[in-house]
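Novice: show me how the following folds:
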Amino acid sequence: MNLIVQVSMIIGLALVSYWVFTKLHLPAPIIMGPMVSIGICQILGAGFQEFAMSIINVFQIIIGMSIGSKINHKNLRDIKSIWRASLVIALYTLASTAIMTLLIRNLTSDFHTALFSAAPGGITEMTVLALSYDSEIAIVSTFQFVRLMVIVTIIPLLAKSVKGKYIPLPTEGSKVITNKTGASLRRVITYSAGISGGLILITVGFPGGGVVGAMIAMGLANVLLRERFVFPRKVMNFALIGVGITIGLEFSPLMLQKIQEMILPIAGFSMLVVMGNLLVGWFIRYMTHWDTVTCLLGSAPGGLTQMLVLGEEMEADSLKISIMQLVRMLTIVLSIPFIAALLT
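Specialist: Next comes the predicted model:
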């Protein structure tokens, strides 16, 4: 199939499915719509090529810039208050990964496959590590994928059922600066900083570097320049649809085959992990008194980018979500290779 035709079909399916999901009032339509439509096509044998990493990096940088735009000199105190929740996330991540590895080991041929399947580090990160240790990639990617699907299905539904859903109130930090000398120049500097920060961490191979680098660099620029503004929603929507498409392209007949062969244990273990993290989310809610949706998404083991996408759609506190997810991701990335080396 011609590349231009493929791209046109993917974009068309994504936009139509987004519209349909919106009209049906289904949860997270901007990500779930493209994901479901593209995923079904892949399972049926459409054979769409996955996006080049450079395109995925663009989505990540945009999402990171959107989060970074929320960081400014007015809300630094809020960022400092997240350390307790982050500690809870780190400890639970290590404990749950150890327990799930032992359980999944009975279904796999080696500890490495069980370890990378159990670790809530995301499809891309865990698959790359699994390749380095000759693990069963199909099993690892299937476990990671099913867990992600359970999360992006359950969390939006649960969030909609929560009474008194949090909706951020307008604050001084979200006002767009107008009629101030040099405002346009500062805006250019902050955007340039965000893009540069994302590119630097991508270049050095930092996990989730596009999101993390853009977020940190843009937030730092905001603090130094005392800049406060609202990131363009249309640009963010472009990235969110792109993420939905990216997840849908991960579907494959081989993955479906593995799911059919191991459906009960994969679904069971995925539900255990998700329910455990939901309990952690409720505990963080009790400890911090933050809104429920932010706590659930911050603790959910679904991957940094995906949880931030859901956070943006549900109008949760994406800054808190990003920090908790970053802590969880760093805990996995720093500990799992070390554990895998010990098992070799």
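
Novice: tell me the pLDDT of Lys9.
Specialist: If you look again at residue 9, you'll see it is Met, not Lys. According to the per-residue confidence, Met9 scores 91 in pLDDT.

Novice: give the buried residues for stretch 12-27.
Specialist: Across stretch 12-27, burial judged by 16 or more other CB atoms under 10 Å covers Leu13, Ala14, Ser17, Tyr18, Phe21, Pro27. No exception for glycine: its C-beta is placed from N, CA and C like everyone else's.

Novice: ok, so of the residues you listed, who is nearest Ile155?
Specialist: Ile155 lies nearest to Pro27 out of the buried residues of stretch 12-27, by CB to CB, at 8.2 Å.

Novice: so which of the buried residues of stretch 12-27 is the closest to Leu264?
Specialist: Closest approach between the buried residues of stretch 12-27 and Leu264, by CB to CB: Pro27, at 25.6 Å.

Novice: does Phe206 touch Ala214 like I think?
Specialist: No. With the criterion set as CB atoms under 8 Å, Phe206 and Ala214 do not qualify as a contacting pair; they are 11.6 Å apart.

Novice: the more surrounded of those two?
Specialist: Under the neighbour definition other CB atoms under 10 Å, Phe206 and Ala214 were set side by side, and Ala214 has more, 32 against 16.

Novice: quick one: what helix or strand has the more buried one in it?
Specialist: Element membership for Ala214, per DSSP states H and E: helix 209-225.

Novice: now do the helices in the stretch 201-344 of the chain.
Specialist: Counting by DSSP state H, counting those that start in this stretch, the stretch 201-344 of the chain has helices at residues 209-225, 233-249, 253-261, 263-288, 292-299, 304-313, 318-343.

Novice: which one of these lies nearest to Val152?
Specialist: Each of those was scored for nearness to Val152 using CB to CB, and the closest is helix 304-313 (6.5 Å).

Novice: residues in contact with that closest one?
Specialist: Here helix 304-313 makes contact (CB atoms under 8 Å, 6 or more residues apart in numbering) with 28-31, 59-60, 63, 66-67, 122, 148, 151-152, 155-156, 208, 211-212, 236, 240, 243-244, 247, 293-294, 297-298, 300, 302, 316-318, 321-322, 325-326, 329.

Novice: now it - C-alpha only, CSV.
Specialist: C-alpha atoms of helix 304-313 as CSV (Å, rounded to 0.1, in the frame of the first residue of the first chain):
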residue,chain,number,x,y,z
LEU,A,304,4.0,8.4,31.4
THR,A,305,2.6,9.6,28.0
GLN,A,306,-0.6,7.7,28.1
MET,A,307,-1.5,8.8,31.6
LEU,A,308,-0.8,12.4,30.8
VAL,A,309,-3.0,12.2,27.8
LEU,A,310,-5.9,10.9,29.9
GLY,A,311,-5.1,13.6,32.5
GLU,A,312,-5.3,16.3,29.9
GLU,A,313,-8.7,15.0,28.7
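
Novice: I'd guessed Ala251 sits against Ala46; true?
Specialist: Actually, residue 251 is Phe rather than Ala. No. The pair Phe251 and Ala46 does not pass the contact test of CB under 8 Å, sitting 9.5 Å apart.

Novice: between the two, which one's more packed in?
Specialist: Using other CB under 10 Å, the more surrounded residue of Phe251 and Ala46 is Phe251, with 22 against 17.

Novice: in contact with the more buried one, which residues?
Specialist: If you count contacts by CB under 8 Å, 6+ apart, Phe251 has them with Ile38, Gly39, Ile40, Gln42, Ile43, Phe145.

Novice: from Ile323, how far out is it?
Specialist: Applying CB to CB, to the nearest Å, the value for Phe251 to Ile323 is 31 Å.

Novice: try Val235
Specialist: From Val235 to Ile323 the distance is 22 Å (CB to CB).

Novice: worst-scoring helix or strand of this protein, pLDDT-wise?
Specialist: Taking all helices and strands of the chain together, the one with the lowest average confidence (mean pLDDT, DSSP states H and E) is helix 123-132, at a mean of 64.
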